[in-house]
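1. A predicted structure for the sequence below; I have some questions about it.
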Amino acid sequence: MKQLALDTQSFEVLRNNECVYVDKTEFIHRMITGGRIYFLSRPRRFGKSLLVSTLETLFQGREDLFKGLYIYDKWEWSQQYPVIKIDWTQINHSTPEKMEDSLVFYLNRIAQNYRITLNSKSPIDCFRDLIGSIHTQSDKQVVVLIDEYDKPITSHLSDSHLETIQTAVHDFYQVMKGSDEHLKFVFLTGVSKFSGLSIFSALNNPRDITLHEQYVSICGYTQEELESNFSEYIDKAAERLKMTREYLLEKIRYWYNGYTWDGETAIYNPFSILNFFDKRRFANYWFRTGTPTFLIDIIQRRNRTGVVLNPIVVNDKIFDGYDPANIGEVSLLFQTGYLTIKQMELIEGRSQYTLGIPNSEVNEALLTCLLQAYGKYPDEQFDEIRRTMQQQITDCDESGFARSLEIMIASVPYDLHIPHEHYYHSLMLIWMRLLGFNIRAEEHNNLGRSDAIWEQPGFTVVAEIKYHTEKTIDALLDEAIMQIHDRRYYNKYSGKILLPGIAFSGKQTGCKMEIIEENYLRQ
């Protein structure tokens, strides 16, 4: 079997070491023959750096590395171009001053490769001189490849350096607009599109192919690519896990598939797939590589847990660009890969998108991370508590479920308690979703908005959550059940319906349950 490219994003290293390479050169050929300046946004660890490396190697004319690939007999290998590749993950941007010094050093190192001397200490002047000097020296236009172009900005979204950093980055990219006659091809990747800051106006109108139907699978793996390129690894994993090949593929889809940029073409996260085939066990690989703490902070601070519990319907304006000083949590979750496009439809000629969590890996890991922001729960207890509480719901075990709630709330450190109903509401919903209940939060009817509804085999659960510091638990539970009946949250459902009222008062909690049958509803 070919090796798995677990420890490299270099196309050259990957090909020389005979690693599995999912051929994306058809997309590259389409780009190069169709335009000059492109931008692509994808979540982290999704293959952007490998794509940049492939472009670099192609423009350098490394013919031997492309044998057997789509582009091999379609490229004029005698045409080689000088390449400036800027990888922002390799540049220190912890402060504006350090970013300036590090960027100058980085550009000087590139200049040395072309035997060019840069005399300025300004990143802007160095970049301008580097592009012009390489073109003059080689008599060939320059290819500029910028990986993680937005890294300096996303690293400072919540601190005082943001405005200075974003201005410096804008001015740096402005160089390319004034150097157009020297440029053959420009390609930028990133997680975010900060067009609202005029960074993109600093370039010559780059083509944004993030949602373009011809490029939806330019990174990541389609189902066909997975099965054709990793066939032997699929068989080995099926053997190790004692599953049929068909059942294993279904499980892999459930765990790692589900990213789409058109609402139709499902894509696997390559980082998760490579790690799964290496370790041959299901786990949260991508999420462990670094969840931005500011993301969890924003969701908790704005009390917006609903955006990860329910599908979100948005229009295409949400993808136009983001203001990093005032970014919305839905935009943030989409661009970082925690939400993806589940459906796209045209409404009176305009695109409307339904966003949701891509797959089980992201769902479980994101909810766990959110839950840890509300309380401290030992991971090893989840499976046992999940089984217990699911059975208590099935059995309508009011006292048992109340005991489980007491265990849950007792695990929250005292200093994390927030004296507001929304805190306990969010805590409860996240906890129940993580335990395996497919909760729909804040579902509307003509009389009001229910707190939580979920369906179990054979019946529906309609829950109401109450919090008050001065009322007794019993009084709150009575209020919760009464509200469910008064507003008839259960009207659209048939069959057996369980009505749990859940109440919190400080660190005290309780539960009261009622059962209604279909014949009751028809009275």
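-> Alright, I've got the coordinates.
2. buried set for stretch 225-245?
-> The neighbour-count check on stretch 225-245 (16 or more other Cβ atoms under 10 Å) flags 225, 226, 229, 230, 233, 234, 237, 238 as buried. C-betas here are computed from N, CA, C, even on glycine.
3. can you tell me the closest non-neighbouring residue to the fourth one?
-> Ranked by Cβ to Cβ, 6 or more residues apart in numbering and with sequence neighbours excluded, the top spatial neighbour of residue 230 is residue 277, at 6.1 Å.
4. how about the contacts made by the one you found?
-> Residue 277 makes contact with 4, 230, 233, 234, 236, 237 under the criterion Cβ atoms under 8 Å, 6 or more residues apart in numbering.
5. pLDDT on the helix or strand containing the third one, on average?
-> Put plainly, it is residue 233. Using DSSP states H and E, residue 233 sits in helix 231-241. Averaging pLDDT along helix 231-241 gives 97.
6. which parts of stretch 347-357 are buried?
-> Neighbour-count burial for stretch 347-357 [16+ other Cβ under 10 Å]: 351, 353, 355, 356, 357.
7. try stretch 259-273
-> Buried-residue list, stretch 259-273, by 16+ other Cβ under 10 Å: 259-263, 266-273.
8. what of stretch 167-183?
-> 168, 169, 170, 172, 173, 174, 175, 176, 179, 182, 183.
9. out of those, which one has the lowest pLDDT?
-> Confidence-wise, residue 170 trails the rest of the buried residues of stretch 167-183, at 88.
10. just for the stretch 401-523 of the chain, where's the confidence low?
-> The stretch 401-523 of the chain contains residues with pLDDT under 70 at 411-421, 434-436, 441-448, 518-523.
11. same check on the stretch 51-200 of the chain?
-> Ranges of the stretch 51-200 of the chain meeting pLDDT under 70: 195-200.
12. just the strands in the chain please.
-> Secondary structure of the chain (DSSP state E): strands at 37-41, 83-87, 142-147, 183-190, 207-208, 312-315, 340-347, 350-356, 440-445, 448-456, 459-467, 496-505, 508-516.
13. I'd like to know which elements the shortest one is packed against.
-> Spelled out, it's strand 207-208. strand 37-41 (3 or more Cβ pairs under 8 Å, 6 or more residues apart in numbering; DSSP states H and E).
14. can you list the helices and strands that the strand it packs on packs against?
-> strand 183-190, strand 207-208.
15. can you add distance to residue 431 and give these back as JSON lines?
-> Formatted as JSON lines, the helices and strands packed on strand 37-41 follow (distance: least, Cβ to Cβ, whole Å):
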{"stretch": "strand 183-190", "distance to residue 431": "35"}
{"stretch": "strand 207-208", "distance to residue 431": "39"}
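16. residue ranges in the stretch 251-400 of the chain under the pLDDT threshold?
-> Looking at the stretch 251-400 of the chain by pLDDT under 70, you get 288-294, 301-303, 305-306, 321-326, 372-383.
17. helices of that one, residue ranges please.
-> 270-279, 285-288, 293-301, 329-335, 360-374, 382-394, 398-410 (DSSP state H, counting those that start in this stretch).
18. what's the closest of the ones you listed to residue 29?
-> helix 270-279 (20.4 Å; Cβ to Cβ).
19. centre of the chain to that closest one, how far?
-> Per Cα atoms, centre = their mean, to the nearest Å, the displacement of helix 270-279 from the mean C-alpha position of its chain is 17 Å.
20. pick the most deeply packed of the helices and strands packed on strand 37-41.
-> strand 183-190 (a mean of 22; mean count of other Cβ atoms under 10 Å).
21. how many residues are close by residue 505?
-> 18 (other Cβ atoms under 10 Å).
22. isn't it right up against residue 475?
-> No. Under the criterion of Cβ atoms under 8 Å, residue 505 makes no contact with residue 475, lying 9.3 Å away.
23. can you tell me how far the closest residue to residue 502 other than its chain neighbours is from residue 344?
-> Distances taken as Cβ to Cβ, 6+ apart put residue 465 closest to residue 502, at 4.8 Å, once the chain neighbours are dropped. Noted for residue 465: a distance of 34 Å to residue 344, by Cβ to Cβ, to the nearest Å.
24. of those two, which one has the most company?
-> Higher neighbour count among residue 465 and residue 344: residue 465, with 22 against 17, using other Cβ under 10 Å.
25. quick one: contacts for that one?
-> Residue 465 neighbours (Cβ under 8 Å, 6+ apart): 421, 424, 425, 428, 451, 452, 480, 502, 503, 504.
26. for residue 480, see how far away it is.
-> In this view, residue 465 and residue 480 are 7 Å apart by Cβ to Cβ.
27. anything in contact with each of those two?
-> 502, 503.
28. which non-adjacent residue is nearest residue 254?
-> Nearest residue to residue 254, sequence neighbours excluded (Cβ to Cβ, 6+ apart): residue 360, at 5.3 Å.
29. residue 127 too?
-> Nearest one to residue 127, counting by Cβ to Cβ, 6+ apart, is residue 175 at 4.6 Å.
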